[in-house]
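Student: sequence and predicted structure are below.
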Amino acid sequence: MTMTTTASRRRLLLASLALSGLLLTACGSATGSTSGQSDHSIPPTSAAPVIGPTALAAPSTQAPAALQFGGATLDGAAFSGATLAGKPVVLWFWAPWCTICRGEGPDIAKLSAEYSGRVQFVGIPGLGSVEEMKGFVSDTGTGDFSHVSDLDGSLWARFGVPAQPSFVFVTRQGDAQRFIGGMSADDLRSVLDKLVAA
């Protein structure tokens, strides 16, 4: 065996182990699990947002830092988070192959309809192709709100999202809370009620 072959196999083994670890931590709990972690409580009216500025979209002087991002929807249309300023917002981070995300999808679709006009939902899918993402949206019935594709992972990185599913809740004042992990419909409804009341 040559040195090149040994080095190649070692790199392949390390990459496989890293990918296995990522998959186990990213989507390894049971559907409906509420064992996620919240970074801050809602509403953090005096706390600074947990999200910094982004280079993805031209910053708006009207939008809080948490909503200064942009991208393209799954249909290729331009999307600016600044258009959500002044409204409570739920950013839902998901991947098309994630079973927990698929389990949450129908509940999120129902809650989006229930809170329509009071809370804005935006999906931010990553870790898949646009076609896979479109299939997920169709399968889960979550097509009634925008989904901004994050093919390069820059939005997930910007919001400090290490795994899916995750949520970022933004109050109408622009304060943000990141929640990592799945949420039951009841837990999500409780957060939505707090967002509306804030």
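Tutor: Looks like it came in fine. Numbers count the residues shown, from 1 in each chain.

Student: from here on, contacts and neighbour counts on C-alpha atoms
Tutor: Will do.

Student: can you show me the helices along this structure?
Tutor: Along the chain, counting by DSSP state H, helices occupy 3-26, 99-114, 130-140, 154-158, 185-197.

Student: return the residues in contact with the residue nearest to residue 176 when sequence neighbours are not counted.
Tutor: Spatially, and ignoring its direct neighbours in sequence, residue 176 is nearest to residue 170 (4.4 Å; C-alpha to C-alpha, 6 or more residues apart in numbering). Neighbour list for residue 170: 66, 88-90, 176-177, 195 [criterion: C-alpha atoms under 8 Å, 6 or more residues apart in numbering].

Student: just the ones of those in strands?
Tutor: 89-90, 176-177 (DSSP state E).

Student: farthest pair in those residues?
Tutor: Checked with C-alpha to C-alpha, the ones in strands among the contacts of residue 170 reach their widest spread between 89 and 177, with 10.6 Å between them.

Student: helices and strands of this structure: which one bottoms out on pLDDT?
Tutor: One helix or strand of the chain scores below all others by mean pLDDT, DSSP states H and E: helix 3-26, with a mean of 39.

Student: which one of the ones in strands among the contacts of residue 170 is nearest to residue 100?
Tutor: Once C-alpha to C-alpha is applied, the member of the ones in strands among the contacts of residue 170 that ends up nearest residue 100 is residue 90, at 17.4 Å.

Student: give me the below-cutoff pLDDT ranges for this protein.
Tutor: For the chain, applying pLDDT under 70 flags the ranges 1-61.

Student: picking that back up, bridging residues for the residue nearest to residue 176?
Tutor: Residues in a beta bridge with residue 170, per DSSP bridges, are residue 89, residue 176.

Student: start at 48, not 1
Tutor: Okay, using 48 as the starting number, the last item reads as residue 217.

Student: what distance do you get for it to residue 145?
Tutor: 24 Å (C-alpha to C-alpha, to the nearest Å).

Student: same thing with residue 224?
Tutor: 22 Å.

Student: the more surrounded of the two?
Tutor: Neighbour count, other C-alpha atoms under 10 Å: between residue 224 and residue 145, residue 224 has more, with 23 against 18.

Student: quick check: the more buried one touching residue 207?
Tutor: No: the pair residue 224 / residue 207 is not scored as a contact, 11.0 Å apart, by C-alpha atoms under 8 Å.

Student: residue contacts, residue 111?
Tutor: 129, 132, 220-221.

Student: which among those residues end up buried?
Tutor: 129, 132, 220-221 (16 or more other C-alpha atoms under 10 Å).
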